[in-house]
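**Student:** Next comes the sequence, and after it the predicted model I'd like to discuss.
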Amino acid sequence: MKLINARQVWTEAQQESNASISAAAIDRAQSAPVKKGARMRRHEAVFAALGDDKEERIQVVRERISISETRRTPVGRSTARAAHLATIGKVLRAIDTLPFQVQQLGHYMYHPCMTMVHVLNAEKLIWNYVDFSALTDAKAAKAHCMITVALQSYKVEAHGGEQWGPARVAEGMLKLYGVRIEPKVWDRDWKDVWNFLREAISEVDVQALQPVWQVIFNENSEDAA
């Protein structure tokens, strides 16, 4: 595993721990030795006569193989694979040290197979993290709906995309919850709420990634030693 950054490592560790049977089969197939024609030889095989049968001579293929082809893992791969799995184990243990909902928000952002459990816990965490008591009940209810959209926008950014603009936010809230907000009055009514939510998500994201960054730092320090 290349330890580039905590987000990449989080995703790759989850992919490995949730690898499917077919994915493993593909990996084995890709690493299998290629049969070359130069190693294939045709020889004549003689089948002796039995009873009234006549002796038969047919052409058969005889193949020369290398001892390395009898190994389950190609030569030179076993040690690297063991180190790879050891690093993944350290990452998964680091993630498990996080509070449950922080862990779930991390999965929402970086797990390759996001589930509704991740979504619900990420939303609940952010809602408990922020204080909208200064808003009217009607506006607070819309702000609650905006959490889902803010999480999705932040996730897009975390993976190299652009932050959602007012029109995209309004569209998302309407599609998800049937709640209308006016992009025309975004700066007056919703910009501060949006930035408040985004800051809260960013703070929890940093908290979630911190133990993974520590694993990366430790691993790089050992490699450099």
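**Tutor:** Arrived safely, thanks for sending. All values derive from a computational prediction rather than experimental measurement.
**Student:** Give the buried residues for the lengthiest helix in the chain.
**Tutor:** In the chain, assigned by DSSP state H, the helix with the most residues is helix 191-224. For helix 191-224, a neighbour-count test (16 or more other CB atoms under 10 Å) marks 193-194, 196-198, 200-201, 204-205, 208-209, 211-213, 215-216, 219 as buried. C-beta here means a position set from N, CA and C on the backbone, and glycine is covered the same way.
**Student:** who are the neighbours in contact with Glu219?
**Tutor:** Contacts for Glu219 were tallied using CB atoms under 8 Å, 6 or more residues apart in numbering; they are 3, 87, 90.
**Student:** rerun at 6 Å
**Tutor:** Shown in contact with Glu219 (CB atoms under 6 Å, 6 or more residues apart in numbering): Leu3.
**Student:** same question, Lys90
**Tutor:** Counting by CB under 6 Å, 6+ apart, Lys90 touches Val215.
**Student:** could you measure Val119 against Leu174, distance?
**Tutor:** For Val119, the distance to Leu174 equals 19 Å [CB to CB, to the nearest Å].
**Student:** Do a quick rundown of the helices in this protein.
**Tutor:** Assigned by DSSP H, the chain shows helices spanning 6-17, 21-31, 78-96, 100-110, 116-129, 137-158, 166-177, 186-189, 191-224.
**Student:** could these be laid out in JSON lines, adding mean pLDDT?
**Tutor:** Formatted as JSON lines, the helices of the chain follow (pLDDT from 0 to 100):
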{"stretch": "helix 6-17", "mean pLDDT": "85"}
{"stretch": "helix 21-31", "mean pLDDT": "48"}
{"stretch": "helix 78-96", "mean pLDDT": "82"}
{"stretch": "helix 100-110", "mean pLDDT": "96"}
{"stretch": "helix 116-129", "mean pLDDT": "96"}
{"stretch": "helix 137-158", "mean pLDDT": "96"}
{"stretch": "helix 166-177", "mean pLDDT": "97"}
{"stretch": "helix 186-189", "mean pLDDT": "96"}
{"stretch": "helix 191-224", "mean pLDDT": "91"}
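**Student:** most tightly surrounded among these?
**Tutor:** Among those, ranked by average contacts under mean count of other CB atoms under 10 Å, first place goes to helix 100-110 (a mean of 22).
**Student:** same for that helix, what does it pack against?
**Tutor:** On a contact count with 3 or more CB pairs under 6 Å, 6 or more residues apart in numbering; DSSP states H and E, helix 100-110 meets helix 6-17, helix 116-129, helix 191-224.
**Student:** and the gap between the nearest residue in space to Arg180 that is not next to it in sequence and Ala83?
**Tutor:** Distances taken as CB to CB, 6 or more residues apart in numbering put Leu174 closest to Arg180, at 5.9 Å, once the chain neighbours are dropped. From Leu174 across to Ala83, the span is 49 Å (CB to CB).
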